[in-house]
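> only the shape, not the letters, is given here:
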């Protein structure tokens, strides 16, 4: 799905839309929270709940952050710690809900 990526390196604060992550009214607004060379941690809100995604740029997949690893929306330290654990291989990015990377819109932060 290389044709779907419009921005090669989205950064913190950039908004992403994923083809398969939608509500009836349209794509869910997803924001890059933090990134490394391989991973993005993204936030989105559905039904009043904050959710988080791990995007693996190398494997070109995305999956939810495991439930026991969710952090507070304002906790930048949580995001950096999760990235460090991902890079070190301490957190697995494979999951049942893993899907191919399907970014359709990437907009830089204002």
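In hand now; what should we look at? Predicted, not measured: the structure shown is a model, and the values here were computed from it.
> mind listing what's buried along stretch 42-59?
Buried residues in stretch 42-59, counted by 16 or more other CB atoms under 10 Å: 42, 43, 44, 51, 52, 53, 54, 55, 56, 57. (Glycine included, C-beta is placed from N, CA and C.)
> ok, now stretch 78-86?
Buried residues in stretch 78-86 (16+ other CB under 10 Å): 78, 79, 82, 83, 86.
> show me what the strand or helix carrying the first one is packed against.
Assigning secondary structure by DSSP states H and E places residue 78 in helix 76-88. Contacts defined by 3 or more CB pairs under 8 Å, 6 or more residues apart in numbering; DSSP states H and E place helix 76-88 against strand 30-35, strand 39-46.
> how about low-confidence regions in the chain?
Scanning the chain for pLDDT under 70 picks out the ranges 1-8, 20-27, 68-74, 94-110.
> follow-up on the earlier one: what angle separates the helix holding residue 78 from strand 39-46?
Calculated by axes from the mean of the first three to the mean of the last three CA atoms, to 10 degrees, helix 76-88 forms an angle of 130 degrees with strand 39-46.
> now do helix 76-88 against strand 30-35, angle only.
Helix 76-88 and strand 30-35 are oriented at 70 degrees to each other (the same axes, to 10 degrees).
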